[in-house]
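Trainee: how would this look folded up:
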Amino acid sequence: MGSRFDQDWQGPGRDSVDLLDLCTFAYQLHSQTLIWPMDPYYEQWSNTPSLGQFSRRQEFMRKVHQVATSKNPDYEGMRGPAALSGASQSNEDLDPIISDYEQVNPWRPSVTRPNRVDEDWILYNTPQEITDRISTVSIARWNPPPSAASPGGPPKIFQTAVQRPGHLPEGIDWLYCFEGGTGGLVSRREPAWSMMGFVLAREDDTFPGPRADRPYDLYIVFRGSRSGHPRYITAYTFGTDNPDWVTEMNFGSGRGALEANPAISIFGKVCPGFASSVLTMLPTIIACLEHIEVRKRPHPPRAIYVTGHSLGAALAVHFTSAVLLGNKYGWDTLPTDMPPAIRGWPWFNLALTPFALPVVGDEIFSNEVNQALASTRISLKGDPITQQRRHFPVGFDYQIDPDKLESTDEEKLRLGWPWVSGARHQSFNLRRYLIKDLQKMGKLSDPLPPEFPSNEPWKVFKTFKELIKDPSLAEQNTGDQILGPDFCVRLVKYLKILEAIARDPEQGLIKKLCSAIHDVGRSDSGDVVEQRVVDLSSLWQQLRGPSASTHTQFLGLCCVLSLTSKMSFSRARKLLDEKSFAGMSLQ
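Mentor: Predicted coordinates for the structure are as follows:
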């Protein structure tokens, strides 16, 4: 990708949309790992009083911390709170967001409901032009992860059991997801562990020679933060709540000042949250790169691209700096932990493109990164996360003013208030106006060319009913395509926690619901599933009573999601129009 230092550079090109789609792909893969997509951050119980000293949400999360340990076989192999990885104790100031990396499947879309009825459902569906080319999926994870007391074991790579769809042509690209930590280490407390991004090795299938000699490019992509309500004030002040936001808000003000971190850069000072987080990822990323080097030997990559959105953009900058300016993983100084086999790769010509980049360090750090390589950061005007009142970003600032581009009324509504709005930070809005900007400059045709991906990779919907009617979801596919494998098993685990903290008569109804959803999960034939529809519609009538509260609506939603996971989208769409499920908001 070009930069402002190219004499003929005229702004970002068509490839910038591809890079942003890869950023959304990182969000999609991460969302697939979340075991409870209907309430991954426990926001369903926010502001709900409990009979004890804690809110219902706090009580729920305390129970999750109790059960989410490596000693509990129900959560074997999962990640999130440190105790799941073998630590003696998790940092209970962090929300216990639980992931299962085995659920990663690049060939299926995914959904999340991040903040109960207060935010829209999200449907991630990365263009097939990216996903159909992937042949294998591997995960790089710590074994065990580092902690405040231990450096951890060496990262290990395992290939997932997910099967590539048989109808696709032969895949040629390799996907490696990597683990990292957020929310800890700066404070000398245990972080939370999750999938933080991926490395994608993409072959050039236009090369006329033997396949073994095909050139390939590497894409190192970092995901952005994911949360329900961000609770940025407590994250900023106390280092508590959502792990990603604890990392983001430790940007060198408030709890912690900018710090010198020579592993990231021997010049200047950096934002400590991003620096400490990326240092948990460098070993897992290096493990991915070494694995690729062995498979591609003796050919190095033709080019290396590094990108990310939001938090991911800051991590991308710190990763790039660690390779170019750091004393621990630097490619051109000895000795460092950069393995000799990949030291000769074209790091000096690395292409960095951060989207919606926060500040990342002081002025000295920013200047040194800009001298080491020319990069361009892309954002929308009015994005509050890209503020520069405190500290500095890197790269040439390419800012798109969406208010000067033609928009529909719906697009304006999605964009939020003029001048400044959190909606202007959203990846899907940035993509929409990046495309409009490219069309205005004549770099993309209007209408878009036939080869351009027809499907938006990130869509939002008010209700689940609206979501499953989206044309991108093939009618014949079943709901587990978006909810993931064994959804009913995971849902019962969630409801068991809710049952444990509930009181009668609610507790008795939740127990019945657990039993009914367990039976749905065991249903293999269509006839059996239809019988479960009758059972759950009857239970819904008991749950709602004369009127349905927000929480009974959620339990009704659980009924529908369990059934959807076992039936085709066409059948699920009809189900939601039936009178037996009348009164459900499905938000």
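
Trainee: how about Tyr398, what does it touch?
Mentor: Contacts of Tyr398 were listed using Cβ atoms under 8 Å, 6 or more residues apart in numbering, and they are Gly11, Pro12, Thr376, Arg377, Ile378, Ser379. For glycine as for every other residue, the C-beta is placed from the backbone atoms N, C-alpha and C.

Trainee: Try it again at 6 Å.
Mentor: Shown in contact with Tyr398 (Cβ atoms under 6 Å, 6 or more residues apart in numbering): Thr376, Ile378.

Trainee: Would you report the backbone torsion angles of it?
Mentor: The phi/psi pair for Tyr398 (degrees, to the nearest 10) reads phi -100, psi 100.

Trainee: Quick check: the gap between it and Ile378.
Mentor: Separation of Tyr398 from Ile378 (Cβ to Cβ, to the nearest Å): 5 Å.

Trainee: can you check Glu530 too?
Mentor: 50 Å.

Trainee: which stretches of the stretch 101-250 of the chain form strands?
Mentor: Ranges of strands within the stretch 101-250 of the chain are 110-112, 121-124, 134-141, 156-159, 173-182, 192-203, 216-222, based on DSSP state E, counting those that start in this stretch.

Trainee: Adjacent strands (with direction) for the fifth one?
Mentor: Spelled out, it's strand 173-182. Applying DSSP bridges, strand 173-182 is found paired with strand 134-141 (parallel), strand 192-203 (antiparallel).

Trainee: Could you give me the buried positions within the first one?
Mentor: When burial is assessed from 16 or more other Cβ atoms under 10 Å, strand 134-141 yields the following buried residues: Ile134, Thr136, Val137, Ser138, Ile139, Ala140, Arg141.

Trainee: So which of the strands of the stretch 101-250 of the chain is nearest Leu498?
Mentor: Each of those has some distance to Leu498 by Cβ to Cβ; the shortest is strand 110-112, at 18.7 Å.

Trainee: re earlier: so if I had to pick from Glu530 and Ile378, which one is more boxed in?
Mentor: The residue with more neighbours, out of Glu530 and Ile378, is Ile378; 27 against 14, by other Cβ atoms under 10 Å.

Trainee: just checking, what packs against the helix or strand containing the more buried one?
Mentor: Taking DSSP states H and E as the definition, Ile378 sits inside strand 376-380. Counting contacts by 3 or more Cβ pairs under 6 Å, 6 or more residues apart in numbering; DSSP states H and E, strand 376-380 packs against strand 396-400.

Trainee: ok, the strand it packs on: who's next to it in the sheet?
Mentor: Pairing partners of strand 396-400, with direction, according to DSSP bridges: strand 376-380 (parallel).

Trainee: which other residues reach the strand it pairs with?
Mentor: With contact meaning Cβ under 6 Å, 6+ apart, strand 376-380 is reached by 3, 354-357, 386, 393, 395-400, 402, 424, 430, 433.

Trainee: Let's see the PyMOL selection covering just the buried ones among those.
Mentor: The PyMOL selection below is limited to those of the contacts of strand 376-380 classed as buried (16+ other Cβ under 10 Å):
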select buried, resi 3+354+355+356+357+386+393+395+398+400+402+424+430+433
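
Trainee: Number of residues surrounding the nearest residue to Arg189 once chain neighbours are set aside?
Mentor: Leaving aside its chain neighbours, Arg189 sits nearest to Asn91 (4.7 Å; criterion: Cβ to Cβ, 6 or more residues apart in numbering). Asn91 sits with 24 neighbouring residues when counted by other Cβ under 10 Å.

Trainee: for Thr131, same thing?
Mentor: By other Cβ under 10 Å, the residues close to Thr131 number 21.

Trainee: Identify the residue nearest it in space, chain neighbours excluded?
Mentor: Distances taken as Cβ to Cβ, 6+ apart place Pro106 nearest to Thr131, at 4.8 Å, with adjacent residues excluded.

Trainee: per-residue confidence for that neighbour?
Mentor: Pro106 is assigned 97 on the pLDDT scale.

Trainee: Was I right to think it contacts Arg133?
Mentor: No. If you go by Cβ atoms under 6 Å, Pro106 and Arg133 don't touch, sitting 9.6 Å apart.

Trainee: Run the angle between the longest helix along the chain and strand 192-203 for me.
Mentor: Determined from DSSP state H, the single longest helix within the chain is helix 272-296. Between helix 272-296 and strand 192-203, the angle comes out at 40 degrees (axes from the mean of the first three to the mean of the last three Cα atoms, to 10 degrees).

Trainee: List the buried residues of helix 272-296.
Mentor: Counting neighbours by 16+ other Cβ under 10 Å, one finds that the buried residues in helix 272-296 are 272-293, 296.

Trainee: go on, stretch 168-182?
Mentor: Gly171, Ile172, Asp173, Trp174, Leu175, Tyr176, Cys177, Phe178, Glu179, Gly180, Gly181, Thr182.

Trainee: Secondary structure element holding Ala316?
Mentor: If you go by DSSP H and E, Ala316 is part of helix 311-325.

Trainee: just checking, what packs against that helix?
Mentor: Contacts defined by 3+ Cβ pairs under 6 Å, 6+ apart place helix 311-325 against strand 216-222, helix 272-296, strand 303-309, strand 351-355, helix 363-372.

Trainee: Dump these to TSV, plus mean pLDDT.
Mentor: Below are the helices and strands packed on helix 311-325 laid out as TSV (pLDDT from 0 to 100):
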stretch	mean pLDDT
strand 216-222	98
helix 272-296	96
strand 303-309	98
strand 351-355	97
helix 363-372	96
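
Trainee: Indicate which one of those is closest to Asp470.
Mentor: Of all these, strand 303-309 comes closest under Cβ to Cβ, at 22.3 Å.

Trainee: Would you mind getting the angle between that closest one and strand 351-355?
Mentor: Using the same axes, to 10 degrees: strand 303-309 against strand 351-355 is 10 degrees.

Trainee: low-confidence ranges in the stretch 301-450 of the chain?
Mentor: Within the stretch 301-450 of the chain, not a single segment meets pLDDT under 70.

Trainee: hang on, Val394 packs against Asn367?
Mentor: No. Val394 is beyond contact range of Asn367, at 8.9 Å (criterion: Cβ under 6 Å).

Trainee: hang on, the earlier thing: would you mind identifying the next helix or strand past the helix holding Ala316?
Mentor: As assigned by DSSP H and E, the chain's next helix or strand after helix 311-325 is helix 340-343.

Trainee: and that following helix, C-alpha only, in PDB?
Mentor: Output of helix 340-343 as PDB, limited to C-alpha atoms (Å, rounded to 0.1, in the frame of the first residue of the first chain):
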ATOM      1  CA  PRO A 340      17.000 -16.600  12.600                       C
ATOM      2  CA  ALA A 341      14.800 -18.400  10.100                       C
ATOM      3  CA  ILE A 342      12.400 -15.500   9.800                       C
ATOM      4  CA  ARG A 343      14.900 -12.700  10.500                       C
END
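
Trainee: re the thing from before, how far off centre is the strand holding Ile378?
Mentor: In terms of Cα atoms, centre = their mean, to the nearest Å, the centre of strand 376-380 is set 20 Å apart from its chain centre.

Trainee: Stretch 472-486 now?
Mentor: Mean-position distance between stretch 472-486 and its chain equals 19 Å (Cα atoms, centre = their mean).

Trainee: now do stretch 126-141
Mentor: 15 Å.

Trainee: circling back to that earlier point, kindly present the strands of the stretch 101-250 of the chain as JSON lines, with separate columns for distance to Ala502.
Mentor: Below are these laid out as JSON lines (distance: least, Cβ to Cβ, whole Å):
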{"stretch": "strand 110-112", "distance to Ala502": "24"}
{"stretch": "strand 121-124", "distance to Ala502": "25"}
{"stretch": "strand 134-141", "distance to Ala502": "34"}
{"stretch": "strand 156-159", "distance to Ala502": "38"}
{"stretch": "strand 173-182", "distance to Ala502": "31"}
{"stretch": "strand 192-203", "distance to Ala502": "26"}
{"stretch": "strand 216-222", "distance to Ala502": "39"}
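
Trainee: No further questions, thank you.
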